[in-house]
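>>> Any chance you could fold what I've pasted below:
(2 chains)
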Amino acid sequence: MHPITTVHYLFLSAALLLVGTIGVLTRRNIVVILMSIELILNAVNINLIAFSRQLGNVNGQVFAIFVITDAAAEAAVGLGILIALFRNKETVNADEVDILKW
Amino acid sequence: MPDSAQILRLLPEILLSVFGTLIMVLDPLTGRNRKALLGVLALVGAYCAWIGALVSYANPGPAFGGMVTVDGFATFFRLLVCAIGFLTVLASMSYLERNELPQGEYYALVLFGVAGQSLMAVSGELVLIFLGLEISSISTYILAGFLREDAKSNEASLKYFFLGSFATAFFLYGVALTYGATGSTKLVVIRQAMEGKDANVVLAVIAGALMFVGLAFKVSAAPFQVWTPDVYQGAPSPVTAYLSTGPKAAAFAIFLRIFFTTVPQTGVMWGWLLWTCALLSMTIGNFAALVQTDIKRMLAYSSIAHAGYVLVAFTSCTPIGAAAAMFYLAAYAFMNLGAFTVVSHLSGRREQYVAIDHYAGLGRRRPFLAALLTIFLLSLVGIPLTGGFFGKFYIFRAAVNADLLWLAVLGLLNSAVAAYYYLKVIVVMYMQEPKEEVTIEPVPATLAATLVLAAGAVFFLGVYPGPVLDFATRSASFSRQ
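Numbering: from 1, shown residues only, chains lettered A, B, ... in the order given. Predicted coordinates:
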């Protein structure tokens, strides 16, 4: 049995960052893009907690709570914006949001 | 328990939050015809915060265990963002009335945004920088979509939200890795760890790169500028004025503070990255602006180019360069705010008139507005006697002093390209006959006051730049103990 070290957490977090980034760049559904951004924020949290445990100080855990709070605020505003858009355009497809182009 | 001296060092943020909350509480209690009073309250709030920044500078130093550091640098940007908040509120009053938009939320959001930017300027710690960044960003996401029934404004808000929070997420990932590599989120401790070689260098470099990407997004530097034209075009014009000045100045403030404080020999490690970004931003911004027909979109591309000029000052990596960047951001804030304020008045109801062709004959029909827009555009070009001239002069001088003559020359060539599209607007205003009927309402007193204040600031910085530049130079040396 190998113990789980900080490096394992870092790889998990990097994988989540990758999944999130690919999600933001390739998905077309606005809600899924929002979820992908949340995924990156959670990757950050895993990093913070893992480092906090390794360094033996509590700062990282406090920071993670701030990040969770921020993610909630961001999701609220994001969904609000999405609803305003849906009222006007009746779509959640990012490709159809294309009035502003040159 | 923090003592009163420490609380005093956060005075501007406290005042802005109190006034913002007060406006939200009073909003349902004010009658429909008296909403303008809320605007007056917001003006008082921004003014008090401006005074508060001076008061807290009377007793500079760290507070709250080093989370906050009141120094000249923080005070410079605090005064700047509070002034931007004041002018934004003043410029928005007539716009909100004309478009029948809810006023209470708007003013509260502007004040909260300014509070976040002020917090960014003053924090010496990555967690607090992140919080300030998010307070500022989230309120501006909402402001960008403030014309709720307008599909363009919705789209601007959505794009701004997605790319903004994507950038924040990257920045945050960088912060987390910095914490892991150095064991702290305090900038001075990070610097000590980097110098003492007990930091994990690989992790720190990845962290630096991620934070760089996040911040470059926020200041709309190329190649991370794609959101800027869409957002600036779609957002309500007074909001665009605010977006292109306040959040940008604050983002540059943390950019400067993070990289100058934490990275030893900034120039050696990051120089090539900075000049690539600077050169790309200037070139892409200026050449794309040449072909625009919509004035807001043109000014958006020009704002990308101006971010490039500021990055030229960064590239020099000297205190003189930092001071030049600070001076430029101040000058740029007033000229851009002024230009967008004129645009917001001329756009009419629901922003119908935003094409450059709509400005034909303006010089004859509205000499006052045309003259002021001319002043702001000439300042954006960098004509002597305006703030833009000294801003560019100090930046290119800093670049030359740092042996970056080639970068200064390319920057100057870029300014020459830029002159073409700014002067084109002036030519249209004074020398072309209007092709279609454009209704222009009389200029309200609040808007005229905004324009006169902004033009006054542009001239002050252009004729007598000494005091501001001295202050910037004195504050540009970052505390490194």
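>>> Can you name the residues of the stretch 351-481 of chain B that neighbour chain A?
By C-beta under 8 Å from any C-beta of the partner chain, no part of the stretch 351-481 of chain B sits against chain A. C-betas here are computed from N, CA, C, even on glycine.
>>> Now do the helices in the stretch 351-481 of chain B.
In the stretch 351-481 of chain B, the helices defined using DSSP state H, counting those that start in this stretch lie at B:362-365, B:367-381, B:387-401, B:405-431, B:445-463, B:466-475.
>>> Tell me which of those lies nearest to B:S281.
Among these, helix B:405-431 comes nearest to B:S281, with 9.6 Å by C-beta to C-beta.
>>> Quick one: mean pLDDT for that closest one?
Helix B:405-431 shows a mean pLDDT of 89.
>>> Switch the helices of the stretch 351-481 of chain B over to JSON lines; also include mean neighbour count and distance to B:F146.
What follows is these, written out as JSON lines (neighbours: other C-beta atoms under 10 Å in any protein chain shown; distance: least, C-beta to C-beta, whole Å):
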{"stretch": "helix B:362-365", "mean neighbour count": "18", "distance to B:F146": "26"}
{"stretch": "helix B:367-381", "mean neighbour count": "22", "distance to B:F146": "23"}
{"stretch": "helix B:387-401", "mean neighbour count": "23", "distance to B:F146": "29"}
{"stretch": "helix B:405-431", "mean neighbour count": "17", "distance to B:F146": "26"}
{"stretch": "helix B:445-463", "mean neighbour count": "20", "distance to B:F146": "18"}
{"stretch": "helix B:466-475", "mean neighbour count": "17", "distance to B:F146": "32"}
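>>> Can you give me the buried ones in whichever helix or strand B:M211 is part of?
Assessed by DSSP states H and E, B:M211 sits inside helix B:201-218. Buried positions in helix B:201-218, judged by neighbour count with 16 or more other C-beta atoms under 10 Å in any protein chain shown: B:203-204, B:206-208, B:210-218.
>>> Which residue comes closest to the residue nearest to the spatial centre of chain A once chain neighbours are left out?
In chain A, the C-alpha nearest the mean C-alpha coordinate belongs to A:E38, at 2.3 Å (C-alpha atoms, centre = their mean). In this structure, A:E38 finds its nearest non-sequential neighbour in A:A71, 5.9 Å apart by C-beta to C-beta, 6 or more residues apart in numbering or on different chains.
>>> I figured the one you found was touching A:L41, is that so?
Yes - counting by C-beta atoms under 8 Å, A:A71 does reach A:L41; the two are 4.7 Å apart.
>>> I'd like the mean pLDDT over the helix ranked longest in chain A, please.
Longest helix in chain A, counting residues (DSSP state H): helix A:59-89. Regarding helix A:59-89, the rounded mean pLDDT is 91.
>>> now it, how far from the centre of its chain.
Its chain's C-alpha centre and that of helix A:59-89 lie 10 Å apart, by C-alpha atoms, centre = their mean, to the nearest Å.
>>> In that helix, which residues are buried?
Quick answer for helix A:59-89 (16+ other C-beta under 10 Å): A:59-60, A:63-64, A:66-67, A:70-71, A:74-75, A:77-78, A:81-82, A:84-85.
>>> Hmm, A:A72 and the residue nearest to the centre of chain A touching each other?
No - using C-beta under 8 Å, A:E38 is not in contact with A:A72, being 9.7 Å away.
>>> Next one: B:D470 from A:G23, what distance?
In this view, B:D470 and A:G23 are 50 Å apart by C-beta to C-beta, to the nearest Å.
>>> Please read the previous query as pertaining to B:T450.
B:T450 is 43 Å from A:G23, by C-beta to C-beta.
>>> got it, and B:K392?
On the measure of C-beta to C-beta, B:K392 and A:G23 end up 42 Å apart.
>>> average pLDDT for stretch B:212-219?
Here the average pLDDT along stretch B:212-219 is 91.
>>> What is the neighbour count of A:N93?
Residues within reach of A:N93, counting by other C-beta atoms under 10 Å in any protein chain shown, total 11.
>>> need the strands for chain B, in chain order.
Here chain B has its strands, by DSSP state E, at B:61-63, B:68-70.
>>> what's the average pLDDT for the last one?
Translated: strand B:68-70. Computed over strand B:68-70, the average pLDDT equals 88.
>>> ok, back up a step: can you tell me which of the strands of chain B is most buried?
Mean neighbour counts were compared across the strands of chain B using mean count of other C-beta atoms under 10 Å in any protein chain shown; the top stretch is strand B:68-70, at a mean of 24.
>>> Show me what that strand is packed up against.
When contacts are defined as 3 or more C-beta pairs under 8 Å, 6 or more residues apart in numbering or on different chains; DSSP states H and E, strand B:68-70 sits against strand B:61-63, helix B:103-122.
>>> Could you rerun that using 6 Å?
The contact analysis (3 or more C-beta pairs under 6 Å, 6 or more residues apart in numbering or on different chains; DSSP states H and E) places strand B:68-70 against no helix or strand.
>>> is the helix holding B:M211 anywhere near chain A?
No - counting by C-beta under 6 Å from any C-beta of the partner chain, chain A has no neighbours in helix B:201-218; the shortest distance is 8.7 Å.
>>> what separates B:L158 from A:A76, distance-wise?
Per C-beta to C-beta, B:L158 is found 15 Å from A:A76.
>>> ok, B:E134 touching A:D70?
Yes - counting by C-beta atoms under 6 Å, B:E134 does reach A:D70; the two are 5.1 Å apart.
>>> Which among the helices of the stretch 351-481 of chain B is found nearest to B:N99?
Nearest to B:N99, of all the helices of the stretch 351-481 of chain B, is helix B:445-463, at 13.7 Å by C-beta to C-beta.
>>> for that closest one, packing partners?
When contacts are defined as 3+ C-beta pairs under 6 Å, 6+ apart, helix B:445-463 packs onto helix B:72-98, helix B:319-346, helix B:367-381, helix B:387-401.
>>> what about the strands of chain B, which gets the closest to B:P444?
With C-beta to C-beta, the closest approach to B:P444 among the strands of chain B belongs to strand B:68-70: 37.3 Å.
>>> what does that closest one rub up against?
Here strand B:68-70 makes contact (C-beta atoms under 6 Å, 6 or more residues apart in numbering or on different chains) with B:R9, B:S56, B:P60, B:P62, B:V122, B:S123, B:G124.
>>> Turn these into a markdown table, columns for distance to A:T5.
Below are the contacts of strand B:68-70 laid out as a markdown table (distance: C-beta to C-beta, whole Å):
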| residue | distance to A:T5 |
| --- | --- |
| B:R9 | 41 |
| B:S56 | 45 |
| B:P60 | 44 |
| B:P62 | 36 |
| B:V122 | 38 |
| B:S123 | 32 |
| B:G124 | 32 |
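>>> Among the residues you listed, which one lies nearest to chain A?
Closest to chain A out of the contacts of strand B:68-70 is B:S123 (12.8 Å), distances taken as C-beta to the nearest C-beta.
>>> closest point of the stretch 201-350 of chain B to chain A, which residue?
Counting by C-beta to the nearest C-beta, the stretch 201-350 of chain B gets nearest chain A through B:D230, at 4.1 Å.
>>> Around the closest residue to that residue other than its chain neighbours, how many other residues sit close by?
Excluding its sequence neighbours, the residue lying closest to B:D230 (C-beta to C-beta, 6+ apart) is A:L100, at 4.1 Å. By the criterion of other C-beta under 10 Å, A:L100 has 18 neighbours.
>>> Hmm, A:L100 is touching B:P229, no?
No - the pair A:L100 / B:P229 is not scored as a contact, 7.6 Å apart, by C-beta under 6 Å.
>>> where in the stretch 351-481 of chain B is pLDDT low?
For the stretch 351-481 of chain B, applying pLDDT under 70 flags the ranges B:478-481.
>>> Point me to the residue of it nearest chain A.
Counting by C-beta to the nearest C-beta, the stretch 351-481 of chain B gets nearest chain A through B:V354, at 12.1 Å.
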